[in-house]
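# how does the following fold in three dimensions:
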Amino acid sequence: MAKAETKKEIRKPYLWEAIIAFLALIVIVLVTVAVFDATLHFPMMFAVVVAAFFMMRCGYTWKDVEKSMINGIALALPATLILIVVGALIAIWVLAGIVPTMIYWGLAIMDPRFFFVATMIICSLTSMILGTSWGTAGTLGVAFLGIAIGLGIPVYMAAGAVVSGAYFGDKLSPLSDTTNMTSSVAGADLFAHIKNMLPQTVIAYVLALIIFLILGFAMAGGAADLGDVAMLRGGISTHFNTNPLLLLAPVIVMVAIGLKVPALPGILIGAVVGVIFAFIFQDGITFAGIFNAAWVPPAFVAPDYPALENLFGRGGIRAKMYAVSLIAIAMSYGGIMDKSRMLEVIVDKIIQWFVKGAKSLVTTTVAVTVASNIAFAEQYVGVILPTRMFARTYRRRGYHPKMLSSAVDGTGTLTSPLIPWNTCGIAMAGFLGVTAWQFAPFAFFNWLVPFATIGLAMAGKYVRYLKDDPTTVTSAYEEAFKDEPIPEEATA
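Reported below is the predicted structural model:
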């Protein structure tokens with residue numbers, strides 16, 4: 001008979017334990033990438049081991065550790081399912097000629113000087129309508145990278161423009177799950193939350209467009225000439241039927257998601273449409289060929305067009321297994337950090353030591369949200385936890401919850417794809433074929449918003465008092481704080 005596990009009294013982690021567990025992840029990742037230039041999977045397991053060790057020091061059993069890891073992975077399951085389906089979608093859309101057609105016609109109309117600006121704006125409008133960064137990057141983003149290759153523009157720069165535009169809608173669209181979730185957890189009315197995000201968003205968006213415009217004109221001199229573009233278009237038309245009707249596929253996906261079909265079934269609809277279009281428009285298509293391509297696309301052979309070989313040989317479910325496995329390891333670490341309350345211990349000390357007024361509170365909120373994205377490696381956790389941690393602090397100081405929600409949403413949503421081991425960073429790398437290490441410096445909008453938020457706070461333009469707008473809170477917020485009156489003298 002197996003000996004039962006002895007369970008000690010559970011305690012909160014000491015500050016030094018929490019710091020070591022957090023720094024272990026940062027150091028291991030940086031050394032792996034900067035020194036060894038290796039994959040993150042096995043080294044990140046050591047960060048999980050360190051976090052598990054300190055969790056057990058706090059009185060938890062190994063079963064508690066296992067359960068926390070499983071719970072962490074479970075949080076990311078919807079994201080991994082979308083990642084898998086998008087892998088199949090990309091492969092099927094290439095086989096059906098949908099992606100090649102988008103690139104073919106894009107090369108015909110796109111001016112290299114305005115490529116970055118056009119990419120960001122089109123992806124912004126699409127994500128605003130759909131409310132999904134993943135759906136935008138996994139469809140239009142792939143096409144824009146193909147156009148970038150044809151125009152001689154570095155793909156990592158193009159990926160930065162795609163990510164900037166895709167996450168604009170994920171931040172501001174009323175259909176976005178993170179926008180709804182953050183405002184709800186904070187207790188702010190949805191549209192009050194969105195309106196409060198506009199100043200920092202507009203500042204960052206305009207700055208990003210200016211930078212992309214300058215970058216576009218600077219890159220235009222080294223871009224491919226018209227002869228190269230014509231040659232690539234000729235190569236595409238040689239291997240695929242580029243009937244404009246194929247462009248209906250992304251339109252159908254956008255309409256489906258716009259009609260509030262959830263992202264996963266919406267993308268599956270796109271894959272089914274791709275199968276139908278493959279039989280209608282392309283030659284030599286079989287069910288076996290489509291099913292096999294959804295797992296591993298066949299090698300695309302075009303010796304005269306090596307750029308097309310690299311582009312059209314992408315996609316497939318198996319290609320996403322790298323990302324899925326890394327998500328599982330990262331979320332195991334995040335689950336341990338959450339259950340053991342190690343990040344909470346660090347945050348409590350930061351508030352105690354550094355938060356004096358609105359400026360330091362907003363700056364701390366932004367910093368902790370970034371740290372949550374780093375530590376928990378999942379966007380949803382990265383916005384929910386800081387919101388919950390700071391809710392009472394904002395209330396006691398007399399600040400409106402929309403002040404908290406906009407700081408967290410603008411930081412957590414936008415920085416998540418910039419972190420290579422975060423589920424969003426892994427997803428963007430999987431969709432675009434460019435790592436977060438490469439595209440993050442060019443995702444200008446994503447990292448400008450947190451700085452704009454801090455800048456407005458420092459200038460005294462970010463403070464929102466609850467007493468001035470008490471009606472734009474949720475009923476759940478009123479119920480949670482019914483025994484705490486709104487402070488008459490709010491902290492400045």
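# okay, CA-based contacts and neighbour counts for the rest of this
Will do.
# state the distance from Ala34 to Pro112.
33 Å (Cα to Cα, to the nearest Å).
# which SSE is immediately downstream of the lowest-mean-pLDDT helix or strand in the chain?
When the helices and strands of the chain are scored by mean pLDDT, DSSP states H and E, helix 306-312 comes last with a mean of 67. Helices and strands here follow DSSP states H and E; after helix 306-312, the next one along the chain is helix 321-339.
# and that following helix, what's its mean pLDDT?
Across helix 321-339, the average pLDDT comes to 84.
# for this structure, longest helix please?
helix 190-220 (DSSP state H).
# in the helix or strand that that helix is followed by, which residues are buried?
Counting by DSSP H and E, the next helix or strand C-terminal to helix 190-220 is helix 226-239. Neighbour counts over helix 226-239 (16 or more other Cα atoms under 10 Å) mark Val229, Leu232, Arg233, Gly235, Ile236, Ser237 as buried.
# mind listing residues that contact the following helix or strand past helix 226-239?
Using DSSP H and E, the helix or strand that follows helix 226-239 in sequence is helix 248-258. Contacting residues not belonging to helix 248-258 are listed as 98, 126, 129-130, 139-140, 263, 266-267, 269-270, 273-274 [Cα atoms under 8 Å, 6 or more residues apart in numbering].
# low-confidence ranges, the stretch 201-350 of the chain, go.
Judged by pLDDT under 70, the stretch 201-350 of the chain has its weakly predicted residues at 220-229, 257-258, 303, 305-311, 314.
# which ones are touching Pro174?
The contact partners of Pro174, taken as Cα under 8 Å, 6+ apart, are Gly131, Asn180, Leu190, Phe191, Ile194.
# most neighbours among those residues, please name it.
Gly131 (30 neighbours; other Cα atoms under 10 Å).
# per-residue pLDDT of that one, please?
As summarised for this prediction, Gly131 has a pLDDT of 69.
# regarding Val162, what is its secondary structure?
Counting by DSSP: H, G, I helix; E, B strand; the rest coil, the backbone at Val162 sits in helix.
# quick one: it and Phe444, what's the gap?
To Phe444, Val162 is 11 Å away according to Cα to Cα.
# so which of those two has more stuff around it?
Val162 (33 against 22).
# for the stretch 51-200 of the chain, give me the ranges with low pLDDT.
129-131, 175.
# so which residues of the stretch 51-200 of the chain form helices?
Using DSSP state H, counting those that start in this stretch, the helices of the stretch 51-200 of the chain run over residues 62-75, 77-96, 98-109, 115-130, 133-136, 142-150, 155-172, 177-186, 190-220.
# still on that earlier bit, any chance of JSON lines for the contacts of Pro174, columns distance to Val50?
Shown next, in JSON lines, are the contacts of Pro174 (distance: Cα to Cα, whole Å):
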{"residue": "Gly131", "distance to Val50": "37"}
{"residue": "Asn180", "distance to Val50": "34"}
{"residue": "Leu190", "distance to Val50": "39"}
{"residue": "Phe191", "distance to Val50": "42"}
{"residue": "Ile194", "distance to Val50": "39"}
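# of those, which is the nearest to Leu247?
Nearest to Leu247 among those: Gly131, at 20.5 Å, using Cα to Cα.
# out of the helices of the stretch 51-200 of the chain, nearest to Ala319?
Closest among the helices of the stretch 51-200 of the chain, using Cα to Cα: helix 77-96, at 7.2 Å.
# what distance separates the closest one from the centre of its chain?
16 Å (Cα atoms, centre = their mean, to the nearest Å).
# and the angle from it to helix 248-258?
160 degrees (axes from the mean of the first three to the mean of the last three Cα atoms, to 10 degrees).
# now the angle from helix 77-96 to helix 98-109?
Using the same axes, to 10 degrees: helix 77-96 against helix 98-109 is 70 degrees.
# what's helix 77-96 packed up against?
Other elements packing on helix 77-96 under the criterion 3 or more Cα pairs under 8 Å, 6 or more residues apart in numbering; DSSP states H and E are helix 98-109, helix 263-281, helix 287-295, helix 321-339, helix 423-432.
# what does the first one rub up against?
Outside helix 98-109, the residues within contact range by Cα under 8 Å, 6+ apart are 90, 93-94, 142-144, 146-147, 150-151, 229, 233, 236-237, 240-244, 246-247, 249, 274, 312.
# mind listing what's buried in it?
For helix 98-109, the neighbour count (16+ other Cα under 10 Å) marks Ile98, Val99, Pro100, Thr101, Met102, Ile103, Tyr104, Trp105, Gly106, Leu107 as buried.
# nearest to Asp338, of those?
Closest approach to Asp338 among those (Cα to Cα): Val99, at 40.5 Å.
# in a markdown table: the helices of the stretch 51-200 of the chain, plus distance to Val381.
Listed next are the helices of the stretch 51-200 of the chain as a markdown table, based on distance: least, Cα to Cα, whole Å:
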| stretch | distance to Val381 |
| --- | --- |
| helix 62-75 | 8 |
| helix 77-96 | 12 |
| helix 98-109 | 33 |
| helix 115-130 | 21 |
| helix 133-136 | 17 |
| helix 142-150 | 27 |
| helix 155-172 | 16 |
| helix 177-186 | 10 |
| helix 190-220 | 19 |
